[in-house]
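[1] Pasting a predicted model and its sequence here:
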Amino acid sequence: MRKTSENLNTASGLRIAMILLGIAVTPVLLSSSSLGNQLSGSELIQVVSIGGLILAILAAITISVGEKARLPTYGIVKYAFGEKGAIAINILMAISLFGWITVTANMFGHSVHDLLAQYGFNLPVPLLVAFGCVIFVASTAFGFEVLGKVAQFAVPIIALVLCYILYVAVNGKVPVVEHLSSMNMGVAISSVVGTIIVLVATLPDFGSFVHNRKHAIIAALLTFLIAYPLLYWAGATPSALSGQSSLLGAMALFGAVLPAAILLIFATVTGNAGNMFQGTLVVSTLLARFPKWQITVALGVLAAIVGSMDIMAWFIPFLLFLGVATPPVAGIYIADFFIYRRNGYDETLLAKESQIKVTTFVAWIIGSLVGFMTIKGMFTLTTIPSVDSILVACVCYAVLSKLTSANK
């Protein structure tokens, strides 16, 4: 039975928090601007605080499951879905992670291209995408320790540049926007939570590398209760002051496009290094005979090819659709942990239990459908679709698995 070991090559809660922030910064910078230009200052603070609290609670649970299991997400789901059943979940997550790797690589190429164009250099975007993929692979292929060092180097720079951007925006001479379009508070909180819920659902990937339970909780609280709300607020403020719907658009009004572009470039590097790390973990469960570094290199080559294509307009909606199916997986493995695995994950059970657990797939489909319908506004439970899907999948799994056990 797997138990927490003090001899593993583990990391502190602070280092894990730095890595998580490095991954979170890209989606936050992309989504926070649309929130900033639709809420007042006090509403924005309230929304990011509540969203951060919800994420911190969920993160503390999911990362603790990984710490207990000493397994990545893709190893944990085997226990709930069955050893062969988990393959379907892992394929879904592999497609989703590879998709976001290519999207971020594409964003890196365009950000560097736009930055160089200001100084008269016009390099082809595919070349810059390929260059970015070399950086992403180099940040990931040498293991978790190098990933941590990349985050330790890049995250402080990101924080400093963001502080400078805030200073410029607050002290800028652009007229402050007085009439903001309004956004429902529930929808706004849902946006804060939904931006990063897939990372929270896959936190066992990082919990399996943390020193112990205490450091796991520290990582969750530092990242999602403190740093994430501050990051979201800082990313939204320039748009709140200028009324622009993007960070680059807002900073163009303040005459500070260069620091905003540098911020986005650093953010894509740390974000995609984390995506590549998680992508390597999940693909290695499907292609176990290949060393992880070869999988990382292969992902980098494929990302360079796909990321150079002009397919992002339809690719991103497809990935968002796939993202609806990930939070219910977290609801299921959380319920499985509290009902059956609090004493640890026994590998010998995998061979004895059903290889494909049909009732778990029923719970997952119901949770995913609830998430999809609440996003479409057909009904709501908590006003936050991803939380609705987690809760419904959690309850359905608990009920169905108990019924199945009782009938045996």
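    Yes, it's here.

[2] how about Ala288, phi and psi?
    Dihedral angles of Ala288 (phi, psi; degrees, to the nearest 10) stand at phi -70, psi -20.

[3] For burial, what's the neighbour tally of it?
    By the other Cβ atoms under 10 Å criterion, the neighbourhood of Ala288 contains 7 residues. The way it works is simple: take the backbone N, C-alpha and C, and place the C-beta from them, glycine included.

[4] How much space separates it from Lys68?
    Look at Ala288 and Lys68: by Cβ to Cβ, to the nearest Å, they are 23 Å apart.

[5] just Ala59 next, same as before
    Counting by Cβ to Cβ, the separation of Ala59 from Lys68 is 15 Å.

[6] Could you do Tyr79 as well?
    Using Cβ to Cβ, one obtains 12 Å as the distance from Tyr79 to Lys68.

[7] And Ala59 and Lys68? Which one has more around it.
    The neighbour count for Ala59 versus Lys68, taken as other Cβ under 10 Å, is higher for Ala59 (29 against 23).

[8] following the helix or strand harbouring the more buried one, which helix or strand comes up?
    Element membership for Ala59, per DSSP states H and E: helix 41-69. Next along the chain after helix 41-69, taking DSSP H and E as the criterion, comes helix 73-81.

[9] who does that next one touch, helix- and strand-wise?
    Secondary structure elements in contact with helix 73-81, counted by 3 or more Cβ pairs under 8 Å, 6 or more residues apart in numbering; DSSP states H and E, are helix 41-69, helix 85-117, helix 204-207, helix 257-286, helix 326-340, helix 348-352, helix 358-375.

[10] Identify each buried residue in the fifth one, please.
    Buried positions in helix 326-340, judged by neighbour count with 16 or more other Cβ atoms under 10 Å: 326-337.

[11] what's the answer for the first one, then?
    Judged by neighbour count using 16+ other Cβ under 10 Å, the buried positions of helix 41-69 are 43-44, 47-48, 50-52, 54-56, 58-69.

[12] re the thing from before, what mean pLDDT would you report for the helix holding Ala59?
    For helix 41-69, the mean pLDDT works out to 91.

[13] Tell me how far that helix lies from the chain's centre.
    In terms of Cα atoms, centre = their mean, to the nearest Å, the centre of helix 41-69 is found 13 Å from the chain centre.

[14] Over to stretch 121-137?
    Here the centre of stretch 121-137 is set off from its chain's centre by 23 Å, with Cα atoms, centre = their mean.

[15] how about that stretch: buried residues?
    Across stretch 121-137, burial judged by 16+ other Cβ under 10 Å covers 125, 128-130, 132-133, 135-137.

[16] Restricted to strands, list those.
    When these are checked against strands (DSSP state E), there are no matches.

[17] Let me have those residues in a markdown table, adding pLDDT and distance to Ile101 as columns.
    As requested, these are arranged in a markdown table below (pLDDT from 0 to 100; distance: Cβ to Cβ, whole Å):
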| residue | pLDDT | distance to Ile101 |
| --- | --- | --- |
| Val125 | 88 | 17 |
| Leu128 | 90 | 16 |
| Val129 | 90 | 11 |
| Ala130 | 91 | 13 |
| Gly132 | 87 | 10 |
| Cys133 | 89 | 9 |
| Ile135 | 85 | 12 |
| Phe136 | 83 | 7 |
| Val137 | 85 | 10 |
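
[18] Noted, bye for now.
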